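Asker: I would like the atomic coordinates for the input below:
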Amino acid sequence: MKIDMIDYRITIKDEDKVTKVRQIVNRMTHDIDKGILKINTQVASINEFSKSHHVARETVEKAYKILHKNGYLVSVPGKGNFVGKGQTQAIKILMILNKMSPYKKEVYESFIEELGDKAHVHLEIHHYNPKIFRDIIHDNHGKYHYYAIMPHFYSGTDEQEYIEILKDISPNELVILDKRINLDGRFISVFQDFEMDIFEAMDKNAELFSKYSVITVVFPENDHHPLEITSGVKKFCELYRKRFDIISDVNKMELLAGQCFITLTEIDLARLIKKLRATNLSAGHDIGIVSFNETVFKELLEITVVSTDFSAMGRTAAKMIVGKKFKQVRNSFNFIKRASL
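Answerer: Prediction:
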């Protein structure tokens, strides 16, 4: 069956740094590799493609010549051009993280381990900056089969700014990690529900919080943690009639019996422990301590931890890519009870 170029079209940008020849080659190679253009399907002639895409015949001829050379197109005398098998190759994936912390490293390493030799993964960091993110997407558009993205940006960033960037990527090439995003189309997503994860973890272990009348989230200024975390803790406090507080600096407040602190960063946890040791109060009896994200340091100090399973996030995303399962999955979340609560 012949695909009319009205039905199969690609976007060719005049302002793109990549030549029009290479844009055609990249997109058709990509679509053949992903099975969008099926093997043995007839494609448009050079003249048809030139007319429907408003590009020079010479440009299309050069692109088709490269596609023929690489086995992606096959000529049948008297009939035309047909999709070939191409070159057997691994899936090409661009992973774009907000930063490379130990936890994000877990996601990355479990992701590439699960994929094995089925894929080649290139890593970029956008450093919470939507402008850097836009440049990364622009410079790599059409070069990969999938774009695995962690869309965490500066506090105060207009959500629509990065949503518009994400819309430049075809939904069936998009893999959203860690954060839930509302987009049209069928795409892969493995996300944390920051509000409900912490609320449900605390609710299931409500007995452990019964000795504390005040629950305080240590939320540093100019930090990029999701505000939904504080919403989840506040929801728990309202349900169990506890006082809810948010502070940015644990050093500026007095520690009193009956308080439970939830820390988001390693440095704030260290400051809290140091301040606690200067008093006669004890963790798990007078003062409660819960920290986000597991480390060996917290295990050794018997600190209670709440954490998403970062390794599971990477493995799940990789399995969904290989299995072409375009759906949204909530990642598993753990509560590890220790002596500090």
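Asker: where does this structure have low pLDDT?
Answerer: Within the chain, the segments meeting pLDDT under 70 span 1-6, 87-89.
Asker: domain parsing for it?
Answerer: With domains defined by automatic domain parsing, the chain comprises 20-83, 91-192+311-329, 195-308.
Asker: export those to a markdown table and tack on mean neighbour count and distance to residue 10?
Answerer: From N, CA and C alone the C-beta is placed, and that goes for glycine too. Shown next, in a markdown table, are the domains of the chain (neighbours: other CB atoms under 10 Å; distance: least, CB to CB, whole Å):
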| stretch | mean neighbour count | distance to residue 10 |
| --- | --- | --- |
| domain 20-83 | 17 | 4 |
| domain 91-192+311-329 | 17 | 9 |
| domain 195-308 | 17 | 36 |
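Asker: Quick one: closest of the ones you listed to residue 341.
Answerer: Of all those, domain 195-308 sits nearest to residue 341, with 4.1 Å by CB to CB.
Asker: picking that back up, what's the closest of the domains of the chain to residue 338?
Answerer: domain 195-308 (4.5 Å).
Asker: of all the domains of the chain, which lies closest to residue 335?
Answerer: domain 195-308 (4.3 Å).
Asker: And the residue lying farthest from the centre of the chain, its phi and psi?
Answerer: The C-alpha centroid of the chain is most remote from residue 78, which lies 48.1 Å away (CA atoms, centre = their mean). In terms of degrees, to the nearest 10, the main-chain angles of residue 78 are phi 80, psi -10.
Asker: Quick check: it vs residue 60, distance?
Answerer: Going from residue 78 to residue 60 by CB to CB, to the nearest Å gives 20 Å.
Asker: who are the neighbours in contact with the residue farthest from the centre of the chain?
Answerer: Residue 78 sits next to no residue when contact means CB atoms under 8 Å, 6 or more residues apart in numbering.
Asker: Determine how far stretch 282-293 lies from the middle of the whole chain.
Answerer: Relative to the centre of its chain, stretch 282-293 is centred 30 Å away, using CA atoms, centre = their mean, to the nearest Å.
Asker: Ok, stretch 75-89 next?
Answerer: With CA atoms, centre = their mean, you get 36 Å for stretch 75-89.
Asker: circling back to that earlier point, would you quantify the distance from the residue farthest from the centre of the chain to residue 37?
Answerer: Residue 78 sits 22 Å away from residue 37, going by CB to CB.
Asker: Residue 100 and residue 126 touch, don't they?
Answerer: No - with contact defined as CB atoms under 8 Å, residue 100 does not count as touching residue 126 (11.2 Å).
Asker: Who are the contact partners of the residue nearest to residue 126 when sequence neighbours are not counted?
Answerer: Distances taken as CB to CB, 6 or more residues apart in numbering put residue 133 closest to residue 126, at 4.0 Å, once the chain neighbours are dropped. Applying CB under 8 Å, 6+ apart to residue 133 gives the contacts 96, 126, 151, 153, 162, 165.
Asker: can you confirm residue 133 is in a helix?
Answerer: Yes - under DSSP: H, G, I helix; E, B strand; the rest coil, residue 133 sits within a helix.
Asker: one step back: right, and out of the contacts of residue 133, which lies closest to residue 200?
Answerer: Closest to residue 200, out of all of the contacts of residue 133 and judged by CB to CB, is residue 151, at 23.2 Å.
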